[in-house]
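Enquirer: show me the folded form of this:
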Amino acid sequence: MNSMKLTMMVGVAAAAISFQPMPVRAESPVKDLTDRALQECEQGRSVADRDARLAHFRQGQALGEQAVAADEGSADAHFALFCNLGEQLRLDGESVTSVFGFRRMMNELDRALELDPGHIDALSAKGTLLVKLPGILGGDMEKGEQLLQHVVTRAPKSVNARLALARVRCERGYHQEAMMLASDALTIAKKHKRTTFIPEAQAVLQQVHTKATAASYKPRF
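Expert: Numbers count the residues shown, from 1 in each chain. Next comes the predicted model:
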């Protein structure tokens with residue numbers, strides 16, 4: 001497997017994770033570990049220095065592993081671990097451990113969905129991966145698109161699913177729909193101060209606009 005391609009594909013999903021507000025529950029050691037692991041993942045994504053990012057993701061991984069060990073049946077714990085593994089893979093994807101890391105990351109994501117099929121963040125990440133990965137790695141464009149549409153419908157604050165779906169719609173030539181999805185994602189990111197997603201949303205919006213303009217251009221002879 002080409003490790004560079006793997007890094008790029010994983011990056012699309014892992015970097016685009018948009019954490020949805022979790023249900024209010026009684027505090028527990030597992031929830032505390034899970035919340036801290038997700039915070040480390042988010043903080044790591046918000047800093048520019050590679051070593052600082054890696055330190056956050058490794059700390060998040062350690063916390064996620066503790067949460068899973070304390071409660072293997074916690075979908076949130078598995079998702080938190082997935083988040084930090086995915087971000088590390090994006091940083092170190094060119095290493096010889098890429099394939100192993102990828103499989104472990106996917107196992108954590110699949111386990112989260114096995115435990116909670118309605119886990120919005122996990123569904124969003126899964127859908128994004130399915131539309132980006134080749135079939136040999138488990139990609140499935142149709143299924144991924146369905147998952148993303150499901151997330152967009154169920155989660156009004158989801159940024160990741162809207163951006164991923166916007167890319168798919170754009171590739172298929174549905175530029176107006178893609179523009180709306182990307183514009184909504186940018187609005188949501190700004191409104192809820194999800195600063196790590198604003199540049200990506202702006203980039204997708206510009207990409208859609210450029211392709212829409214090119215598609216509508218009719219040369220005069």
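
Enquirer: so the chain: which segments form each domain?
Expert: Residue ranges for the domains of the chain, per automatic domain parsing: 3-157, 159-216.

Enquirer: and the helix or strand in which residue 153 is found, how far from the chain's centre?
Expert: Using DSSP states H and E, residue 153 falls within helix 141-154. Taking CA atoms, centre = their mean, to the nearest Å, one finds helix 141-154 lying 13 Å from the centre of the chain it belongs to.

Enquirer: name the helices or strands packed onto it?
Expert: helix 120-132, helix 160-171 (3 or more CB pairs under 8 Å, 6 or more residues apart in numbering; DSSP states H and E). All C-beta spots, glycine's among them, are computed from the backbone N, C-alpha and C.

Enquirer: let's have the ones you listed in TSV, adding mean neighbour count and mean pLDDT.
Expert: Output for the helices and strands packed on helix 141-154, formatted as TSV (neighbours: other CB atoms under 10 Å; pLDDT from 0 to 100):
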stretch	mean neighbour count	mean pLDDT
helix 120-132	25	94
helix 160-171	25	95
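
Enquirer: dump the ones you listed into CSV; add distance to residue 73 as well.
Expert: Output for the helices and strands packed on helix 141-154, formatted as CSV (distance: least, CB to CB, whole Å):
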stretch, distance to residue 73
helix 120-132, 15
helix 160-171, 25
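
Enquirer: list the contacts for residue 148?
Expert: 124, 127-128, 131, 161, 164-165, 168 (CB atoms under 8 Å, 6 or more residues apart in numbering).

Enquirer: from the residues you listed, which is closest to residue 85?
Expert: residue 128 (15.5 Å; CB to CB).

Enquirer: which one of the domains of the chain has the lowest average pLDDT?
Expert: Among the domains of the chain, domain 3-157 carries the lowest mean pLDDT, at a mean of 85.

Enquirer: identify the residues contacting stretch 64-73?
Expert: Counting contacts by CB under 8 Å, 6+ apart, the residues outside stretch 64-73 that touch it are 29-30, 33-34, 37, 74, 76-78, 80-85, 115.

Enquirer: pull the CA atoms of stretch 124-144 into CSV?
Expert: Output in CSV follows, covering the C-alpha atoms of stretch 124-144 (Å, rounded to 0.1, in the frame of the first residue of the first chain):
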residue,chain,number,x,y,z
SER,A,124,-19.6,11.0,10.0
ALA,A,125,-16.0,9.7,10.1
LYS,A,126,-17.1,6.4,8.6
GLY,A,127,-19.0,8.0,5.8
THR,A,128,-16.0,10.3,5.0
LEU,A,129,-13.7,7.4,4.9
LEU,A,130,-16.0,5.3,2.7
VAL,A,131,-16.2,7.9,0.0
LYS,A,132,-12.5,8.5,0.0
LEU,A,133,-11.0,5.0,0.4
PRO,A,134,-10.5,2.8,-2.7
GLY,A,135,-12.5,-0.5,-2.7
ILE,A,136,-9.5,-2.5,-1.8
LEU,A,137,-9.3,-0.7,1.5
GLY,A,138,-13.1,-1.1,2.1
GLY,A,139,-14.2,2.1,0.4
ASP,A,140,-17.9,2.2,-0.7
MET,A,141,-19.0,5.5,-2.4
GLU,A,142,-22.7,4.7,-2.3
LYS,A,143,-22.8,3.6,1.3
GLY,A,144,-20.5,6.5,2.4
